[in-house]
Structures are given as C-alpha cells and as structure tokens.
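Asks: Build me a model:
(2 chains)
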Amino acid sequence: MRLGEVSGSRARGDGALKLAVPRGALFDGTLDLLDRIGVDTGSLRSESRSLVFNTQGLVLVTMRPSDVPTYVEAGAADLGITGKDVLLEQHGRAVYELLDLKYGACRMVLAARREDDSLREAERRLGAMRIATKYPRATERYFQESGRRAEVIEVKGSVELAPLVGLADGIVDLVDTGRTLAENELEVREEITTCTARLVANRVAHKLRAAEVDELADRMREVTP
Amino acid sequence: MIHRIPPGTRDVLPAEMRELRRLQGALAAVFERFGYGEVATPTIEYDEVLARGDERGAPVAYRFFDADGELLAMRTDMTVPIARLVATRLAGDEPPFRLSYFANAYRAVRPQRGQMREFAQAGVELVGADAPEGTAEVIEVLSAALDAVGLTRAVIGLGDADLYRQLLGELDVSEDRRERILALLAAHDLVGLEREVDALGLRSSERETLLRLPNLRGGAEVLDEARELGGAAVERATQRLAATYEALSRRGVAARMNLDLGLLRDLGYYTGAILEVYDPALGHVLGGGGRYDELVGRFGRPLPAAGFALYLERVHIAQAEEERLAEASREQGAGSVQP
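Replies: This is a model prediction of the structure:
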C-alpha cells in the first residue's frame, strides 16, 4: 500500500478526490446517487464496519451527517454530502454549497400539541416561547428573523417528548411523513423550510482541483431530477 | 486553581516561537529586498477610526472604554491603521509608500485550527501606485514570500471585487436583492444563489452569466470563457484582470495564479483586484488582499493602494504539512528502490 493513499492522507493535490458520505437517513439515497454516476458502492453496502473505501477515482469516507461540514471545512475531505438541516445548523462554516441533490427531502417545522394553546399563550403572556430542538442555532435564527423570541432548549434524544411532559411549549424538528408527530399528538404549526441532500466542497479544493470538482458535480447534476 | 486565558487566544512556547521567528525572518528579508520598510501602529485604536476605514469589515472582537470614557477597539487588520498612518504621519511625504508589518490583529471569529481571535499577520501595503503595475508588484512580493518560506506549491487566486456588484447593477437588480445575492455569494452558497437568481426573472443568457461566473476559475482561458458571457461589467472586469495578468507575466509570476471570477473577499474596502492564497497541503485559505483605492481617501488623502496579509499561524501549519508530505514521499521513494 502506498503511503498517503488511504487514511490520514494529507496529499491533497495528488491522488483521488475524497468524498464524505453521510451514514444514517441519507445513506441509501447517497449510495443510489453514486451508483447512478458509475461509482462502485458494493463494498459500502456490504462492509458495514469500515469507514474508508477506495473506489475507482474516488475515496469515500463515511461519517455522521453532522460531521460532514467539519471534515470538508478542514479539507480532510475535498467534498461531502449532507442535509440542508445540518448546513443550516452549522451556518458560517466556510464550505461551498455546490448542488441541491434533491433526495432525502424532509420539512423543518415548528410543532406543538394538538388542541393546545400554550405556544400562543406563552408568546402573548410571557413574551417568549419555550422551544425544544436538536437544531438550536437554526431555531434561534428562525425566530429572530420573524421578530419573535424563543427560549431554545437543546435536547439530544426524542424531541417529541418535551411538550408532552411540559419541558417546552413546542418543538422545531425535521418531519418526513409526520407519523411520529401524529403518534405523539403533535401537529405542524409552521413550516420553516424544506431540507434536501446537498453537495458541499472545501474552499481550497474548489480552487485547486477545480476541473475534478466540477466534473464530479456535473455528473451528479446530470442524474439529479 | 485554574487561571484562564480568553477564548481564541494562546500562549506560545519556545519550540514554536523559534519556528515562527524563522518564518518571520524569511518573510522580512523578502519585504526588505523589495524595499518595503516595516512599520508598527498601536494595537488599540479609536473605534470610530476603524469604523471609518471599514464599516462592513471584519467583526471587532474587543471594544472597551479608556479612562476618559473614549470607545476603543482592538484592530481587526493592519490595512486600516496603515491607511490612517499614510494620511496623517506621512502627510508631508511623497508617494508611493512601500510599507510592511508583522502584527497581531483581533477578530470575533469561532476559534478553530489556525484561526484564533488573536492572530499574527505578515503583510505589505503599496500606497500610491495604480493598477495594474501596483497590483502586480504586490503579487510579485507575495509570490517571492511564499517561495521564501518553502510554499513553492502555493497558488494565488486573483479575482475582481467589483465584478458581481456591478453586474447586478447593470441588470437593474434592486438594492435589497443585490445585497442578498452578494451575501449568498460571500457565504459560498451556490444553491441559494441559483434560487435567488431564478427569482429575478432574467433572460436565460443573463441568468447563465450570473450562475456561471462564480465557477469560472483556472488559467488565462477563464478570461475568454468570461468574455463569451458578455456584458459591460464582465468586459470591464476581464480587461482589468487581463491587464494585471499581463503585468504578472512580464514579472514571471503568472504561472502560480488562479484567475477566479467567483472570488469575493469578506472585507468591505476592496475595489478591483482581490487575492487569496492557497496551498494544496492545507484546507484553509492562507491569506489574502487586493486593491483598496478608496480606503486612504476616507482618511482625507485619496491614493490608490494595494496589499496582502498572510496569516502567520496558518502559513506555519502549511509549512509543517508540506514538510511532512515531502518526508512521506521521500520514504515512499526509498521504499520503491528496494526489490
């Protein structure tokens, strides 16, 4: 094995481009996209424990979606795929957002308990709503932009729990089908935005490996509806 | 008991300091060779002086009151203080001024590798020399500085600060939409850019121009590609870039340039040419600069000017990375000799 070919490679400017691939909800859609542009994803589909995969012309590194901007900003990966929700939450990361890949669509919403007025009451009487979320920065910004104040409570686990036991008046979360909300007697009050998978690039790679970056982005653009 | 230091600051110990001093020495020799005399200015300035220089500029990290109740601020770069210096202390002297500096500056940023709130800059300012020769001279100094510290693979991006703004003006885009589009471009959000541009309802050729420019980067061929897009703003910018590029060719430094029509610096005082520095061993930008023909005039002495600043800590990291790469490839070479 040649040095600098697999893990820990800092040999940027030489060798294959490194693409950060998100595990989790976007994983299957990402593998399908890579299949469509002719990248062999067989090993990613079978070896579930490996983290780094060498394919023809592209090194794929798998990680949590929320880690993708970190790796790409630092240049440990030249490019990456992650959700718009992650980019909204990590607003201010110096990465290029190159392409809307359209898959993995879900809505970021403000939700509260059905037939419950505490959201509006809290705003009317107390001047601020208590909002539980995994997206504190995106939530903060959303409320600021609409001139309202939220007391943002960051939680790591099931956000739906918070309004049920009185930790919060409402939640900001991602909704796919809306079933989890319905099961917990919650309903959508406001649509914040729609989030899809995005292709991001490191700033230096975007400049110094322009031809390769553009070529990969173009191939992805061609197979994106 | 823990005695803290403020976030985004750090102590430097002898092993690192020795290397930083060596780095500074190599840069200082280059600046001296090109006739750039070193200056120092106060770390603290009156807040109103910094704001006069650049109200949309880098975020001030520290503001405080002095004993007289005056509002002070820690400088965010050296360009604004030097503009003040040229308009005041050097008021009686004849331009051009060739000045260099090694100084700490302070910005309210999220601390990360090679980006602290207190950081060291090394740079030059050439005040009183017009484009394109003044710009080309500054880039020649920058190129020599990169070579002198061993970053021979480093690349200098060259773009135009006015291009996109003027283009939007030419297309009669309203003020607030213009600002929104420029903010998206500055945040490198090309998906958001496409959405905003689509909402403008332009002709397809105009839409094409706005969306393709941020991706036009590379050698001299990108100027031809840009010209094909058409429009007066593009024509003016490409002419300016071509003139700078020709001046750089005559000075023998055109080869390391990356012409980049999507370049947009985050500081408000730039006009015309703007620069960014990259090294393939590091994922972060090493420094930047450009022309600021209106800045010194804001202090009462209209003079064309250009300069660059390198982030010293990042240059040091890039140096270390390049050394490690060279070592790795030496080992690799030695290995392949064996049967």
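Asks: Now do the same contact list for residue B:108.
Replies: Taking C-beta atoms under 8 Å, 6 or more residues apart in numbering or on different chains, we find residue B:108 in contact with B:59-61, B:117. No exception for glycine: its C-beta is placed from N, CA and C like everyone else's.
Asks: how about residue A:82, secondary structure?
Replies: strand (DSSP: H, G, I helix; E, B strand; the rest coil).
Asks: I'd assumed residue A:195 was in contact with residue A:174.
Replies: Yes. Here residue A:174 lies in contact with residue A:195, judged by C-beta atoms under 8 Å, at a distance of 6.6 Å.
Asks: Quick check: neighbours shared by the two?
Replies: With C-beta under 8 Å, 6+ apart, residue A:174 and residue A:195 have common neighbours A:85, A:106-108.
Asks: Break chain A down into its domains, please.
Replies: Domain segmentation of chain A under automatic domain parsing yields A:17-104+A:196-223, A:106-195.
Asks: Adding mean neighbour count and distance to residue B:281 as columns, could you present the ones you listed in JSON lines?
Replies: Formatted as JSON lines, those follow (neighbours: other C-beta atoms under 10 Å in any protein chain shown; distance: least, C-beta to C-beta, whole Å):
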{"stretch": "domain A:17-104+A:196-223", "mean neighbour count": "19", "distance to residue B:281": "9"}
{"stretch": "domain A:106-195", "mean neighbour count": "17", "distance to residue B:281": "31"}
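Asks: closest one to chain B among those domains?
Replies: domain A:17-104+A:196-223 (1.6 Å; C-beta to the nearest C-beta).
Asks: one step back: tell me the buried residues within the contacts of residue B:108.
Replies: B:60-61, B:117 (16 or more other C-beta atoms under 10 Å in any protein chain shown).
Asks: Rank the contacts of residue B:108 by pLDDT and give me only the lowest.
Replies: Ranked by pLDDT, the contacts of residue B:108 bottom out at residue B:59 (86).
Asks: Torsion angles phi and psi at it?
Replies: Main-chain torsions, residue B:59, degrees, to the nearest 10: phi -70, psi 130.
Asks: Can you give the contact residues for the helix or strand bottoming out on mean pLDDT in chain A?
Replies: Lowest by mean pLDDT, DSSP states H and E among the helices and strands of chain A is helix A:118-121, with a mean of 83. For helix A:118-121, the surrounding residues in contact (C-beta under 8 Å, 6+ apart) are A:112, A:129, A:163, A:169-170, A:189.
Asks: Let's see which of these end up in strands.
Replies: Using DSSP state E, the subset of the contacts of helix A:118-121 located in strands is A:112, A:129, A:170, A:189.
Asks: Of all pairs in those residues, which one is the farthest apart?
Replies: The span of the ones in strands among the contacts of helix A:118-121, defined through C-beta to C-beta, is set by A:129 and A:189 at 10.3 Å.
Asks: what residues are shared contacts of the two?
Replies: In contact with both residue A:129 and residue A:189: A:119, A:170, using C-beta under 8 Å, 6+ apart.
Asks: okay if I get the buried ones among the contacts of residue B:108 as JSON lines plus secondary structure and distance to residue B:70?
Replies: Listed next are these as JSON lines, based on DSSP: H, G, I helix; E, B strand; the rest coil; distance: C-beta to C-beta, whole Å:
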{"residue": "B:60", "secondary structure": "strand", "distance to residue B:70": "15"}
{"residue": "B:61", "secondary structure": "coil", "distance to residue B:70": "18"}
{"residue": "B:117", "secondary structure": "coil", "distance to residue B:70": "23"}
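Asks: would you turn those into a markdown table with distance to chain A?
Replies: Converted to a markdown table, the buried ones among the contacts of residue B:108 look like this (distance: C-beta to the nearest C-beta, whole Å):
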| residue | distance to chain A |
| --- | --- |
| B:60 | 17 |
| B:61 | 15 |
| B:117 | 15 |
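Asks: Now render the residues you listed as CSV, adding distance to residue B:28.
Replies: As requested, these are exported to CSV (distance: C-beta to C-beta, whole Å):
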residue, distance to residue B:28
B:60, 28
B:61, 26
B:117, 25
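Asks: so what's the residue most central in space within chain A up against?
Replies: Closest residue to the average C-alpha location of chain A: residue A:83 at 2.5 Å, with C-alpha atoms, centre = their mean. With contacts defined as C-beta under 8 Å, 6+ apart, residue A:83 is in contact with A:22, A:25-26, A:65, A:104, A:195-198.
Asks: which residues of chain B fall in helices?
Replies: Taking DSSP state H as the criterion, chain B carries its helices at B:14-33, B:47-53, B:79-87, B:133-148, B:163-170, B:175-186, B:190-198, B:204-212, B:221-229, B:232-250, B:312-337.
Asks: Would you mind giving the domain segments of chain B?
Replies: B:31-160+B:265-332, B:162-253.
Asks: returning to that earlier point: mind picking the lowest-pLDDT entry from the contacts of helix A:118-121?
Replies: residue A:129 (90).
Asks: contacting residues around that one?
Replies: A:119, A:122-123, A:143, A:148-151, A:169-170 are the contacts of residue A:129 under C-beta under 8 Å, 6+ apart.
Asks: Out of these, which is nearest to residue A:69?
Replies: residue A:143 (22.8 Å).
Asks: and that closest one, that one's in a helix?
Replies: Yes. Per three-state DSSP, residue A:143 lies within a helix segment.
Asks: May I have the residues that are in contact with the closest residue to it other than its chain neighbours?
Replies: Excluding its sequence neighbours, the residue lying closest to residue A:143 (C-beta to C-beta, 6 or more residues apart in numbering or on different chains) is residue A:150, at 4.1 Å. Taking C-beta under 8 Å, 6+ apart, we find residue A:150 in contact with A:128-131, A:139-140, A:143.
Asks: can you tell if the longest helix along chain A touches chain B?
Replies: Using DSSP H, we find that the single longest helix of chain A is helix A:210-223. Yes. Applying C-beta under 8 Å from any C-beta of the partner chain, one finds helix A:210-223 touching chain B at A:210-211, A:214.
Asks: Which residue ranges of chain A form strands?
Replies: Along chain A, counting by DSSP E, strands occupy A:17-22, A:52-55, A:58-63, A:79-83, A:95-100, A:106-113, A:129-133, A:150-154, A:170-175, A:186-195, A:197-202.
Asks: Pass me the low-pLDDT residue ranges in the chain, would you?
Replies: Using chain A here. Applying pLDDT under 70 to chain A flags the ranges A:1-14.
Asks: Hmm, no, I was thinking of chain B.
Replies: B:112-114, B:266-267, B:334-339.
Asks: Contacts only, for the closest residue to chain A within it.
Replies: Residue of chain B nearest chain A, by C-beta to the nearest C-beta: residue B:283 (1.6 Å). Contacts of residue B:283 were listed using C-beta under 8 Å, 6+ apart, and they are A:12, A:73-76, A:202-205.
Asks: Same list, those residues, but as a markdown table with distance to chain B please.
Replies: Shown next, in a markdown table, are these (distance: C-beta to the nearest C-beta, whole Å):
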| residue | distance to chain B |
| --- | --- |
| A:12 | 5 |
| A:73 | 7 |
| A:74 | 5 |
| A:75 | 2 |
| A:76 | 7 |
| A:202 | 5 |
| A:203 | 6 |
| A:204 | 5 |
| A:205 | 7 |
